[in-house]
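> 3D, please:
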Amino acid sequence: MVNIKKISEVTGYSKSTISRFINKTGYVSENASQIIQQAITTLDYTPNSLARNLSKGVSSQIGVVIPHMSSPFFIQTISGIMEEAYLSEYSILILQSKYDKDEEYSYLEKLHSKELAALIFTSHSLTLEEILRYRKYESIVVCEDVKNMPISSAFTSREKAYVKAFELIKHKGFKHIAIMLSRDYYSSVTSQLTIDCYEKVFGLIPEHSLISTNITTFKDGYAAGKKYANLIQKPDYIFANSDDVAAGVSQAYVDAGLHLPEMMGQENQVSGFLLNISTIDHHFKELGQAAFQLALKNDCDHIMINSEVINRNL
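Okay, the predicted model is just below:
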């Protein structure tokens, strides 16, 4: 592999002179520049962008931490981030965490070592306090409402939409509502908000047997649908955490030969349109676009995007 040392051997100029020419960080005579450029062309040398960025103390990469790609939240958010990055001089590095704290810490260390220009957390297991310790190195953005904490955030305001959704469900007289969540109450701010809004509207917590967690895909929805179909007291309404999940529940009921109760999904996906079910659009693509713009600013700012209930049958 051709490196600066090889160019130095061929041209007779020192490695520091070669480095100054490549990185444009100091004076190099016109004669030396011509000889070095000729060697670079002949040897087909390509600078190591990471090493060059580290030598300058800057990076052109923005890291995006995601736990997985199963949820439409992450897929749509990444889509928004990538769309904005395409219009900029920055590239995106996807960093999968699987909610592993050690992995998340390793990505924060990339900020410390200047490997990344910024870091966007779409979700995380580390506490905000733990993440905040690294803000002094480079820009960090989290995709949640951080209240008064000094860290940039882009988030969807879901509470009004959840309350409105549950009020619509209650108004139609449904009492046994199945709720599907990606994580349990104590692990997810979104799960907490969903349950809390339900309790606010109905005046009681949901039936334990009707709450399903670790639900993110059509397959997960199908498995949960089979569980509900086998209950003695079946749900009369299903509140799913995505339209694709609701589609999985629908298929499970069809396969079991059972009447499908009314449903509401989330994320305004094509599957929800085809099922003609109500949904909640959290505008995650816009969220991703906002998060990217905040990452470039490297200060403490907050952007809130309102969720929207799309009422198709309530």
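> Any regions of the protein where pLDDT drops low?
Along the chain, the model assigns pLDDT under 70 to residues 1, 25, 47-58, 314.
> can you map out the helices along it?
In the chain, the segments counted as helices under DSSP state H are 4-11, 15-23, 30-43, 49-56, 72-86, 101-112, 128-132, 159-171, 189-202, 218-229, 243-256, 270-275, 284-297.
> Where do the domain boundaries of this protein fall?
4-47, 61-157+284-307, 159-281 (automatic domain parsing).
> Specify the stretch among the helices of the chain that is closest to residue 94.
With C-beta to C-beta, the closest approach to residue 94 among these belongs to helix 72-86: 7.1 Å. (Each C-beta comes from the backbone N, C-alpha and C, glycine too.)
> follow-up on the earlier one: output the helices of the chain in CSV, with distance to residue 181 appended to each entry.
As requested, the helices of the chain are exported to CSV (distance: least, C-beta to C-beta, whole Å):
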stretch, distance to residue 181
helix 4-11, 53
helix 15-23, 50
helix 30-43, 56
helix 49-56, 39
helix 72-86, 12
helix 101-112, 21
helix 128-132, 21
helix 159-171, 12
helix 189-202, 4
helix 218-229, 10
helix 243-256, 10
helix 270-275, 18
helix 284-297, 17
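> any chance of the domains of the chain in CSV, with mean neighbour count too?
Putting these into CSV (neighbours: other C-beta atoms under 10 Å) gives the following:
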stretch, mean neighbour count
domain 4-47, 15
domain 61-157+284-307, 18
domain 159-281, 19
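> And the helices of the chain: which comes nearest residue 63?
With C-beta to C-beta as the measure, helix 101-112 is the member of the helices of the chain nearest residue 63 (5.9 Å).
> Surely residue 27 and residue 21 touch.
No. Applying C-beta atoms under 8 Å, one finds residue 27 not in contact with residue 21, separated by 9.7 Å.
> what phi and what psi does the backbone show at residue 217?
Reported as degrees, to the nearest 10, the phi and psi values for residue 217 are phi -130, psi 170.
> right, and it touches residue 70 too?
Yes. Using C-beta under 8 Å, residue 217 makes contact with residue 70 at a distance of 5.1 Å.
> From residue 104, how far out is residue 63?
Separation of residue 63 from residue 104 (C-beta to C-beta, to the nearest Å): 11 Å.
> actually residue 221, sorry about that
28 Å.
> one step back: and of the helices of the chain, who's closest to residue 310?
Ranking those by proximity to residue 310 (C-beta to C-beta) places helix 270-275 first, at 8.2 Å.
> what packs against that closest one?
helix 243-256 (3 or more C-beta pairs under 8 Å, 6 or more residues apart in numbering; DSSP states H and E).
> Residue 313 - how many residues pack around it?
Residue 313 has 12 neighbours, counted by other C-beta atoms under 10 Å.
> The closest residue to it other than its chain neighbours bridge partners, please.
In this structure, residue 313 finds its nearest non-sequential neighbour in residue 278, 5.8 Å apart by C-beta to C-beta, 6 or more residues apart in numbering. With DSSP bridges applied, residue 278 shows beta-bridge pairing to residue 264.
> so residue 278 touches residue 266, yeah?
No. Checked against C-beta under 8 Å, the pair residue 278 and residue 266 is beyond contact range at 9.8 Å.
> what's near enough to touch the most centrally placed residue in the chain?
Relative to the mean C-alpha position of the chain, the nearest C-alpha, by C-alpha atoms, centre = their mean, is the one of residue 122, at 3.2 Å. Residue 122 sits next to 64-67, 73-74, 77-78, 143, 291 when contact means C-beta atoms under 8 Å, 6 or more residues apart in numbering.
> residues touching the residue nearest to residue 164 when sequence neighbours are not counted, list them.
Spatial nearest neighbour of residue 164, chain neighbours left out: residue 309 (5.1 Å); criterion: C-beta to C-beta, 6+ apart. Residues touching residue 309, when contacts are defined by C-beta under 8 Å, 6+ apart, comprise 161, 164-165, 168, 278-280.
> ok, now with 6 Å
Contacts for residue 309 were tallied using C-beta atoms under 6 Å, 6 or more residues apart in numbering; they are 161, 164-165, 280.
> now swap in residue 176 and tell me
So, once contact is read as C-beta under 6 Å, 6+ apart, residue 176 ends up touching 235-236.
> cutoff 8 Å now
Residue 176 is in contact with 207, 210, 233-237, counting by C-beta under 8 Å, 6+ apart.
> Just list the residues touching the residue nearest to residue 119 when sequence neighbours are not counted, thanks.
Excluding its sequence neighbours, the residue lying closest to residue 119 (C-beta to C-beta, 6+ apart) is residue 63, at 4.7 Å. Residues touching residue 63, when contacts are defined by C-beta under 8 Å, 6+ apart, comprise 92-93, 95, 107, 110-111, 116, 118-120.
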